[in-house]
Structure formats: C-alpha cells, structure tokens
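Asker: Return atomic coordinates for the entry below.
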Amino acid sequence: MGLFGFGKRMEEEEKKGCCCGSQVEAVKEEASCCCGSKNQETVTCCDEEVNGICCIKVLGAGCKSCHEQFENVKKAVEELGLDVEVEYITDMEKVMTYGVMSMPAIVVNEKVVAMGKVLKTSEVLKLFEKLS
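Answerer: Numbering: from 1, shown residues only. Model prediction:
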C-alpha cells in the first residue's frame with residue numbers, strides 16, 4: 001500500500017486473474033481466456049465451458065432493479081442447470097471498463113449482452129439459450 005494510493009496500482013496489476021476468478025501464470029505475450037478476454041499472461045482457468053458459458057456477471061449500482069436483475073439471472077442459471085457462479089459487480093470502476101452507461105447490465109463471457117432494463121427470468125433464459 002502506498003501513500004495516497006500510489007503503490008496500490010502496482011500491487012493490483014501483480015494479482016491479475018481470469019474473469020472467472022482463477023489466477024493466471026505470467027509467461028506469454030498475449031493469451032485469451034476461455035471466455036474471450038485478453039490478458040498479457042497465459043490463462044489457467046475455466047477448464048470446461050458449460051454450454052458455451054464461462055462466466056456471468058450482473059453489473060449494477062446496488063439499487064432495487066439491479067438486485068432484481070441479479071436474482072433473475074441466478075434463477076435462470078439454476079433452471080438451466082448451469083454450474084456457473086453469477087457475480088454481482090457494483091464497483092463503478094469495474095462497471096465502466098465494460099462501457100456500460102445504463103444499468104443493470106448482464107455480461108456473459110466478458111461481453112455485454114443486455115443493459116438498461118430488468119429482464120425477467122424467462123427473458124434471461126432465452127438470452128442464455130441463444131448464447132449456448
């Protein structure tokens with residue numbers, strides 16, 4: 001930890017991981033995760049995609065609508081029987097890296113697939129079926 005947060009960025013860069021939370025090994029110049037995200041390291045994560053879906057994230061500000069979207073996505077994942085953990089991200093710096101300007105948003109395999117409105121569980125199911 002550095003004074004006024006100056007040393008923090010270096011520490012964070014050293015602890016890079018995949019979108020699914022797995023650690024990566026620093027070796028290659030450029031590699032991509034199973035979910036398509038680009039890293040400057042070799043990625044050791046997501047041994048198997050589940051129906052073409054590696055990771056799912058709900059981006060939100062922590063409001064009622066965003067929580068509702070998160071619950072609907074979790075229900076859809078459960079109904080499809082996917083063994084994928086749904087991540088709920090409220091950190092605005094992380095949200096902005098996806099270029100999302102209206103929330104809630106759904107990110108599948110590091111691609112924004114829906115934003116700006118709360119999808120019902122049935123709509124999320126249809127969305128996931130298109131992607132797999």
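Asker: Spell out which residues make up each domain of this structure.
Answerer: In the domain annotation for the chain, the residue ranges read 13-47, 56-131 (automatic domain parsing).
Asker: Out of the ones you listed, which gets the lowest mean score?
Answerer: Lowest mean pLDDT within these: domain 13-47, a mean of 45.
Asker: Give me the distance between Val86 and Asn72.
Answerer: Using Cβ to Cβ, to the nearest Å, one gets 10 Å for the distance from Val86 to Asn72. The C-beta positions use only the backbone N, C-alpha and C, and glycine is treated the same way.
Asker: who has more neighbours, those two?
Answerer: Neighbours were tallied for Val86 and for Asn72 using other Cβ atoms under 10 Å; the higher tally belongs to Asn72 (21 against 18).
Asker: dump the residue contacts of the spatially closest residue to the more buried one that is not a sequence neighbour.
Answerer: Closest residue in space to Asn72, ignoring its immediate chain neighbours: Thr121 at 4.7 Å, by Cβ to Cβ, 6 or more residues apart in numbering. When contacts are counted by Cβ atoms under 8 Å, 6 or more residues apart in numbering, Thr121 touches Asn72, Lys75, Ala76, Glu79.
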